[in-house]
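Student: have a look at this prediction, sequence included:
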Amino acid sequence: MHHDLIIIGGGPTGINCAIEATKIEMDYLILEKGVLVNSLFNFPSNMTFFSTSVNLEIGGIPFISHTDKPTRKEALEYYRRLYDHYKLQIAFRRMVMSVEKIDNGYRITTNKEIYTCKYIIISTGFYDKPNKMNIPGEDLYKVKHYYDEAHHYINQKIVVVGGANSACDVALETWQKGADVTMVVRQPELYEKVKYWILPNIQNRIKEGSIKAYFSSTLLSISEAEVVIHSPKGKITIDNDYVLAMTGYRPDYNLLKEIGIEIQNDEKQTPVFNPHTFESNQENIYLAGTVLGGLHTSKYFIENSRNQAKAIINNITVWNYS
């Protein structure tokens, strides 16, 4: 099956690229390995965005929410409206297995079909690849790198690893629902840019002892019934039922490297791309969204990535597309 443009990833940025392609009647297809906005779908059930609904709007379609900061549920509804309004062409449950260079374009093999195209936009984000702790016991069933809701953890002893937004959200929500919560934070204090309505709350819970916290500390090992913590005071062993490792995520470097996209040898391992057109070092393959930031996963987000789609489609149209 041939299309002029294949977009890998059906998140907000991939959808935005598809909308711009739709406006000029370009023949495109989104390949999405899961469901519509799969990463957002897997966000915590009760999550509230840091951004306002106005700053998340794309495609000229208003984002309606009950407050200025929308919830996950409202975001999913918004992207369903975009999908219906623009009649987006998306093939769901299509995992990209390989990308090969062929005459006049590329061959993309998925778990179901094979596609050919001239242009590719990679907008795969980073949420699918958690940063592993690489410690004994991390593969146990009790260790979660994704959080859904607090109900599982009622009256359970849980350890939350991390000190940024996700970790603070998880610690507070599970504690409020009756979990015995201990935080293990690598840094000497919580991340200073934690959501302003969350930071004072979590700090006060730690100060009063409702939520226990070990700072400048790491997990050494995990077993069925306990964990071992390396703290400034030495090794500490505590009883444990679940470990919620909110340690962040990273782009799918295996896919990028297989395609031949160069990764800079810098601290953030950022991919090589033209900052004006967003074309990678591989001809006619473009990068969009958070994947551009490499390990600096907070550099690009929906708010400051919205113009990338138009720049990419304009570049294809002006210089290549006919």
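Tutor: Yep, it's here. Residues are numbered from 1 along each chain as shown.

Student: now Lys235. Nearest residue, chain neighbours left out?
Tutor: In space, and not counting its chain neighbours, Lys235 is closest to Val228: 5.9 Å by C-beta to C-beta, 6 or more residues apart in numbering. (Each C-beta comes from the backbone N, C-alpha and C, glycine too.)

Student: got phi/psi on that neighbour?
Tutor: Phi and psi for Val228, reported as degrees, to the nearest 10, are phi -110, psi 130.

Student: spit out the contact partners of it.
Tutor: Val228 makes contacts with Leu219, Leu220, Ser221, Ile222, Lys235, Ile236, Thr237, as judged by C-beta atoms under 8 Å, 6 or more residues apart in numbering.

Student: can you pull the domain assignment for this structure?
Tutor: Listed by automatic domain parsing, the domain ranges of the chain are 2-129+249-320, 143-245.

Student: so who does Arg186 touch?
Tutor: Contacts for Arg186 (C-beta under 8 Å, 6+ apart) come out as Gly162, Gly163, Ser216, Ser217, Thr218.

Student: quick one: buried residues of the lengthiest helix in the chain?
Tutor: In the chain, ranked by residue count with DSSP state H as the criterion, the top helix is helix 72-85. Using 16 or more other C-beta atoms under 10 Å as the burial criterion, the residues of helix 72-85 that qualify are Arg72, Glu74, Ala75, Leu76, Tyr78, Tyr79, Leu82, Tyr83.

Student: keeping just the C-alphas, turn it into CSV.
Tutor: Provided in CSV are the C-alpha atoms of helix 72-85 (Å, rounded to 0.1, in the frame of the first residue of the first chain):
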residue,chain,number,x,y,z
ARG,A,72,-7.2,13.3,30.8
LYS,A,73,-10.8,12.5,30.1
GLU,A,74,-11.4,15.9,28.5
ALA,A,75,-8.3,15.5,26.4
LEU,A,76,-9.3,12.1,25.0
GLU,A,77,-12.7,13.6,24.1
TYR,A,78,-11.0,16.5,22.3
TYR,A,79,-8.8,14.2,20.2
ARG,A,80,-11.8,12.1,19.3
ARG,A,81,-13.5,15.3,18.0
LEU,A,82,-10.4,16.1,15.9
TYR,A,83,-10.4,12.5,14.5
ASP,A,84,-14.0,12.8,13.5
HIS,A,85,-13.9,16.4,12.2
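
Student: can you tell me which of the domains of the chain the model trusts least?
Tutor: Comparing mean pLDDT across the domains of the chain, the weakest is domain 2-129+249-320, with a mean of 92.

Student: in strands only, show me the contacts of Val228.
Tutor: Using DSSP state E, the subset of those located in strands is Leu219, Leu220, Ser221, Ile222, Lys235, Ile236, Thr237.

Student: and the first one, bridged to which residues?
Tutor: Each beta-bridge partner of Leu219 is listed here, defined by DSSP bridges: Ile229.

Student: what is the burial count for it?
Tutor: 24 (other C-beta atoms under 10 Å).

Student: for it, what are its contacts?
Tutor: With contacts defined as C-beta under 8 Å, 6+ apart, the neighbours of Leu219 are Met133, Ile135, Val159, Val161, Val184, Val227, Val228, Ile229, His230, Val243.

Student: which one of the residues you listed is nearest to Phe273?
Tutor: Of all the contacts of Leu219, Phe273 sits closest to Met133, with 30.1 Å by C-beta to C-beta.

Student: dihedrals phi and psi, the closest one?
Tutor: phi -80, psi -20.

Student: got it, and Tyr106?
Tutor: Dihedral angles of Tyr106 (phi, psi; degrees, to the nearest 10) stand at phi -140, psi 150.

Student: describe which strands the biggest strand by length in the chain pairs with in its sheet and in which direction.
Tutor: Counting by DSSP E, the longest strand found in the chain is strand 114-122. Partner strands for strand 114-122, per DSSP bridges, with pairing direction: strand 2-8 (parallel), strand 105-110 (antiparallel), strand 285-287 (parallel).

Student: cool, thanks, signing off.
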